[in-house]
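Asker: Next comes the sequence, and after it the predicted model I'd like to discuss.
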Amino acid sequence: MDILHFLQYSFIQKAFFAGSFVAIICSTLGMFLVLRKMSLIGDGLSHVSFGAIALGLFLGIYPFYVAIPIVMLASVLILKISEKAKVYGDAAIGIVSAVGIAGGVILASMSRGFNTDLFGYLFGNILSISDTEVMLSAILSFTVLAVVYFFYWDLFSATFDEEYAKTTGIKTEFINMLCALLTAITVVLAVKMVGVMLVSALLIFPAVTALQLARGFRTAMIIGSFVALLSVLLGITVSFFFNIPTGAMIIMINTLFFILSFLYKKIA
């Protein structure tokens with residue numbers, strides 16, 4: 001099968017379209033999360049999304065409509081637990097993550113009818129993405145990118161020196177909340193692509209790869225977006241031709257890019 005024939009499939013076109021949007025927002029937010037040492041929040045929120053998607057399937061409601069508000073609420077809860085209960089950030093993530101995954105397991109055990117659908121969200125299946133999910137990915141991705149654009153300097157300042165940002169009048173608590181909410185939306189969108197188990201890798205790998213190569217923050221963001229986009233497109237293509245799980249293939253290509261960038265930095 002030649003590449004032109006491959007691109008004629010509508011499900012491949014939808015996977016490329018939605019995957020490209022999700023890849024770019026994952027790499028963009030991943031850069032802020034990695035530098036703020038908040039990258040594990042993606043892992044915690046992905047576990048919450050598992051519980052939220054299970055709840056949606058259990059109630060017979062489109063999973064994303066349930067997952068997006070619940071995961072956003074969980075992101076706020078993580079910040080509040082860290083601030084009010086004097087619990088370290090990673091512990092707060094662990095608490096919310098455990099509740100989310102436990103809730104999903106309980107719901108799955110109560111109704112065996114949707115276990116197959118839930119399995120698809122657990123490990124990802126972007127090749128089965130629906131028209132609704134494509135549209136949702138595009139709308140929410142544009143929203144996330146627009147917010148990052150308008151609050152870029154506040155996010156940048158809070159990322160590199162939060163105390164200094166406070167002294168300049170930036171409302172760092174609001175920025176932290178904004179970052180958490182944007183991450184929540186991004187995680188829910190990425191679940192369909194790579195699955196609950198691999199979402200955090202999609203947030204982390206493009207960022208750490210770019211940081212090996214770039215000297216400036218903006219350059220790192222551009223490189224990270226390119227790496228994420230290329231990984232998704234290659235991952236979908238390779239997985240189709242060799243019948244390999246798409247989400248896992250995307251992450252393995254991301255891993256390869258990171259190894260190559262690390263070796264380049266050592267040699268250069």
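Answerer: It's in. Residues are numbered from 1 along each chain as shown.

Asker: Which residue is the nearest non-sequential neighbour of the residue nearest to the spatial centre of the chain?
Answerer: What sits nearest the mean C-alpha location of the chain, by C-alpha atoms, centre = their mean, is residue 187, with 3.7 Å. Of all residues not flanking residue 187 in the chain, residue 45 sits nearest, at 4.4 Å (C-beta to C-beta, 6 or more residues apart in numbering). Every residue, glycine included, has its C-beta placed from N, CA and C.

Asker: Correct me if wrong: that neighbour contacts residue 76.
Answerer: No - using C-beta atoms under 8 Å, residue 45 makes no contact with residue 76, being 11.0 Å away.

Asker: And those two? Which one has more around it.
Answerer: Each of residue 45 and residue 76 has its neighbours counted (other C-beta atoms under 10 Å); residue 45 has more, 34 against 13.

Asker: counting contacts, what elements does the host helix or strand of the more buried one pack onto?
Answerer: Element membership of residue 45, judged by DSSP states H and E, is helix 40-59. When contacts are defined as 3 or more C-beta pairs under 8 Å, 6 or more residues apart in numbering; DSSP states H and E, helix 40-59 sits against helix 10-35, helix 63-84, helix 89-110, helix 115-123, helix 172-194, helix 199-213.

Asker: which sections of this structure are below the confidence cut-off?
Answerer: 1-4, 83-90, 111-120, 122-123, 268 (pLDDT under 70).

Asker: so how far does stretch 236-253 reach from one end to the other?
Answerer: 11 Å (C-alpha to C-alpha, to the nearest Å).

Asker: buried set for it?
Answerer: By 16 or more other C-beta atoms under 10 Å, the buried positions in stretch 236-253 come out as 236-240, 245-253.

Asker: Which two among these are spaced furthest apart?
Answerer: Using C-beta to C-beta, these span at most 16.2 Å, a distance reached by 240 and 251.

Asker: measure the closest residue to residue 65 other than its chain neighbours to residue 132 for me?
Answerer: Leaving aside its sequence neighbours, residue 65 sits nearest to residue 56 (C-beta to C-beta, 6+ apart; 6.7 Å). For residue 56, the distance to residue 132 equals 13 Å [C-beta to C-beta, to the nearest Å].

Asker: on that earlier part again, how about the helices and strands packed on helix 40-59, which one is nearest residue 141?
Answerer: Here helix 10-35 is closest among the helices and strands packed on helix 40-59 (C-beta to C-beta), at 3.7 Å.
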